[in-house]
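In: how would this look folded up:
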Amino acid sequence: MKIEEQITIAALAAVKELYGTEVPETMIQLQKTRSDFEGNLTLVTFPLLKTSRKKPEDTAQELGEYLKKNCQAVADFNVVKGFLNLVIAQAAWTGLLNDINADEKFGEKRVTDESPLVMIEYSSPNTNKPLHLGHVRNNLLGWSLAQIMEANGNKVVKTNIVNDRGIHICKSMLAWLKWGNGITPEQAGKKGDHLIGDFYVLFDKHFKEECKQLQEQYEKEGLTADEAKEKAEQESPLMKETRDMLVKWEANDPEIRALWEKMNNWVYAGFDETYKAMGVGFDKIYYESNTYLVGKKKVEEGLEKGLFIRKEDNSVWADLTNEGLDQKLLLRKDGTSVYMTQDIGTAEMRFNDFPIDKMIYVVGNEQNYHFQVLSILLDRLGFKWGKDLVHFSYGMVELPNGKMKSREGTVVDADELVASMIENAKSLSEDKVNKLEGITEEEKNEIARIVGMGALKYFILKVDARKNMLFNPEESIDFNGNTGPFIQYTYARIRSILRKAEAQNIILPALLNDDAPLNEKEIALIQKLNDFGAAVAQAGIDYSPSGIANYCYELTKEFNQFYHDYSILNADTEAEKITRLVIAKNVAKVIKNGMALLGIEVPERM
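Out: Below is the predicted model:
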């Protein structure tokens, strides 16, 4: 039984015996004792004063005397105003360490057949361009959130909705037809998503040139600059061809559909490579080309039930004025769908595929209003989780030179970013890696991959997801401070110590004796290890990978302070050596498990 649980049970019994009243468990409030006071845990007595009808100091004194006498976990106590500071018995710390040591997944809850099912949507790429830095943050947040929700005892289904249709897709298709000369990814020596992205940028270049010429012509004819610009964009032959292509696609034109399928498959192959490099994946992928039709049908059903309204121009709307919002377009006057229609269709397909208890959408904060509306609409349409859907709203990734623009080709490409992070890690860790005896070039490359990706992932995930962030590759790969490589290096150092212990034929016991020697810093480390479960639970409540990242850093920092002050393999006594090895082993275990919740690997050597 955990120390906190022992004390809580004993404190409830104390209140009943001392004051003749049973109180709820929530009134027993325990927290870490402040570093400037003696003790490990502090019981706050203020919630109990109505029951005791005594001063805070007197209440704390009486409870302290009872706990010292009746609770084995409490060795001593002191009272500071209304706070009861408890000194935990050494045997209790040893028992806690034994519990941590016995559980390979300490701090995480097991998933059972009765566990609720949480579906998490993330990534949501468009098939007209490769993934960029913004997608990297989205994918890393989504993957980490899935691991955290599972660690909190939920079944998790990871899904992706691919935006594979629409005018933007047709732009790339038309550009390829006009200027591609039938080129394939293999012929170009490029990933398919990069090749298609090039044609999207090329379309925009030609479109702008065309519009510029038309605008000059219209201005000469007497239109204002704004009028001429608007008319040029409407009358652009390129844009007209693109719209015609979209109409043909909607009409299932076999030639256009075949081209669309071929080019999208090139993109999917490219996406798969990027996802694999990032270490993320999905249990189920949905495609807008399928879901929008289901969405249109669902909207029509809602219209028949009086949930929506059809206006004179034949467009369909949801009236949200009773919810303090405006009216939301669901179907255009020509019957074509909008993004909201697609999301309704996707929800319908997912609900038919899985018994969803909670739905989490990982989408940027520019879509806050969209998901506020979607929640209301899904609730109206009868989805049990609609009202309580979670929009995991995150801030944008910003660059030193401003925002990214896909049409202009000024994005930070995900593949280039991953490759550069690994290359930087290889360069920076060359001296450290070279010191390892007998390491192959392949092993060096693998360490560089783990460190580079760890640096990237940790730098992004340690930031509160709700905030915009400035990405700085140089800062992320530092081997000191609050970085992924710092934590990875500490893990590798501990694993090295454990290998040396094994080489010396030191066998660690499954259970330490109650009288195992513990100093204050070792107790602090055990207490920090014990906090992992609370960190995992809180990260699940807050949907916060940054909470796990911060915990891993604090644990790592605390271990390094301990290791600076105390030798492990050269401890004064054999008992101290064994105890410290068991502590170190479990610090490494919790670091590895905590970093895994962020999708970060840790190297055995570094």
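
In: in a strand, residue 75, correct?
Out: Yes: under DSSP: H, G, I helix; E, B strand; the rest coil, residue 75 falls within a strand.

In: was I right to think it contacts residue 68?
Out: Yes: assessed by C-beta atoms under 8 Å, residue 75 is found in contact with residue 68 at 7.5 Å. Just so you know, the C-beta spots here come from the backbone N, C-alpha and C atoms, and that holds for glycine as well.

In: where does the stretch 401-550 of the chain dip in pLDDT?
Out: Flagging of the stretch 401-550 of the chain using pLDDT under 70 yields the residue ranges 401-410, 431-437.

In: one more time with 50
Out: Counting by pLDDT under 50, the stretch 401-550 of the chain has low-confidence residues at 402-409.

In: likewise the chain?
Out: Ranges of the chain meeting pLDDT under 50: 402-409.

In: please, which helix or strand holds the spatially most central residue of the chain?
Out: With distances taken as C-alpha atoms, centre = their mean, residue 141 lies nearest the centre of the chain, 2.5 Å away. Secondary structure assigned from DSSP states H and E places residue 141 in helix 133-151.

In: which parts of the stretch 151-300 of the chain are helices?
Out: Here the stretch 151-300 of the chain has its helices, by DSSP state H, counting those that start in this stretch, at 167-179, 185-188, 192-220, 225-235, 237-250, 254-278, 288-304.

In: now do the stretch 501-606 of the chain
Out: Going by DSSP H, counting those that start in this stretch, the stretch 501-606 of the chain shows helices at 520-530, 532-542, 545-565, 574-596.

In: ok, which of those comes nearest residue 319?
Out: Proximity to residue 319 (C-beta to C-beta) singles out helix 532-542 among these, at 34.1 Å.

In: now what about that closest one, what contacts it?
Out: Outside helix 532-542, the residues within contact range by C-beta atoms under 8 Å, 6 or more residues apart in numbering are 106-108, 148-149, 151-152, 154, 544-545, 547-548, 551, 555, 590, 593-594, 597.

In: what comes up buried for that helix?
Out: If you call a residue buried by 16 or more other C-beta atoms under 10 Å, then helix 532-542 has these buried ones: 532-533, 535-540.

In: what's the closest of these to residue 351?
Out: Nearest to residue 351 out of these is residue 540 (C-beta to C-beta; 23.1 Å).

In: just checking, residue 395 touches residue 365?
Out: Yes: using C-beta under 8 Å, residue 395 is in contact with residue 365, at 5.8 Å.

In: tell me, what's touching the two both at once?
Out: With contacts defined as C-beta under 8 Å, 6+ apart, the residues shared by residue 395 and residue 365 are residue 466.

In: what about stretch 299-309, distance to the chain center?
Out: How far stretch 299-309 lies from its chain's middle: 36 Å, per C-alpha atoms, centre = their mean, to the nearest Å.

In: quick one on the thing from earlier: export the helices of the stretch 501-606 of the chain to JSON lines and tack on distance to residue 284?
Out: As requested, the helices of the stretch 501-606 of the chain are exported to JSON lines (distance: least, C-beta to C-beta, whole Å):
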{"stretch": "helix 520-530", "distance to residue 284": "36"}
{"stretch": "helix 532-542", "distance to residue 284": "22"}
{"stretch": "helix 545-565", "distance to residue 284": "22"}
{"stretch": "helix 574-596", "distance to residue 284": "22"}
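
In: and of those, who's closest to residue 253?
Out: helix 545-565 (44.5 Å).

In: in that closest one, which residues are buried?
Out: Buried-residue list, helix 545-565, by 16+ other C-beta under 10 Å: 545-553, 555-559, 562-563.

In: and that helix, what other elements does it pack with?
Out: helix 133-151, helix 441-461, helix 484-503, helix 520-530, helix 532-542, helix 574-596 (3 or more C-beta pairs under 8 Å, 6 or more residues apart in numbering; DSSP states H and E).

In: hmm, who's touching it?
Out: Outside helix 545-565, the residues that touch it by C-beta under 8 Å, 6+ apart are 140-141, 144-145, 148, 458, 461-465, 482, 486-487, 490, 493-494, 521-522, 524-525, 528-529, 531-532, 535-536, 538-539, 584, 587, 590-591, 594-595, 597-598.

In: could I get it in CSV with only the CA atoms?
Out: Backbone C-alpha positions of helix 545-565 (Å, rounded to 0.1, in the frame of the first residue of the first chain) are rendered in CSV as follows:
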residue,chain,number,x,y,z
PRO,A,545,2.3,15.9,-22.8
SER,A,546,4.2,18.8,-21.4
GLY,A,547,3.4,17.6,-17.9
ILE,A,548,5.1,14.3,-18.6
ALA,A,549,8.1,16.1,-20.2
ASN,A,550,8.5,18.3,-17.2
TYR,A,551,8.3,15.3,-14.8
CYS,A,552,11.0,13.5,-16.8
TYR,A,553,13.3,16.5,-16.6
GLU,A,554,12.7,17.0,-12.9
LEU,A,555,13.5,13.3,-12.1
THR,A,556,16.6,13.4,-14.3
LYS,A,557,17.8,16.6,-12.7
GLU,A,558,17.3,15.2,-9.2
PHE,A,559,19.1,12.0,-10.1
ASN,A,560,22.1,14.0,-11.5
GLN,A,561,22.3,16.0,-8.3
PHE,A,562,22.3,12.8,-6.3
TYR,A,563,24.9,11.2,-8.5
HIS,A,564,27.1,14.3,-8.2
ASP,A,565,27.1,13.9,-4.4
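
In: angle of that helix against helix 441-461?
Out: Relative orientation of helix 545-565 and helix 441-461, computed by axes from the mean of the first three to the mean of the last three C-alpha atoms, to 10 degrees: 120 degrees.

In: what separates helix 545-565 from the chain centre, distance-wise?
Out: On C-alpha atoms, centre = their mean, the centre of helix 545-565 falls 20 Å from the chain's centre.

In: next, the angle helix 574-596 makes with that helix.
Out: Going by the same axes, to 10 degrees, helix 545-565 is angled at 160 degrees with respect to helix 574-596.

In: now the contacts of helix 545-565: which count as buried?
Out: Buried members of the contacts of helix 545-565, counted by 16+ other C-beta under 10 Å: 140-141, 144-145, 148, 458, 461-463, 465, 482, 486-487, 490, 493-494, 521-522, 524-525, 528-529, 531-532, 535-536, 538-539, 584, 587, 590-591, 594-595, 597-598.

In: thought residue 315 was touching residue 327?
Out: No: taking contacts as C-beta under 8 Å, residue 315 lies outside contact range of residue 327: 10.1 Å.

In: touching, residue 196 and residue 266? I think so.
Out: Yes: if you go by C-beta under 8 Å, residue 196 and residue 266 touch, sitting 6.3 Å apart.
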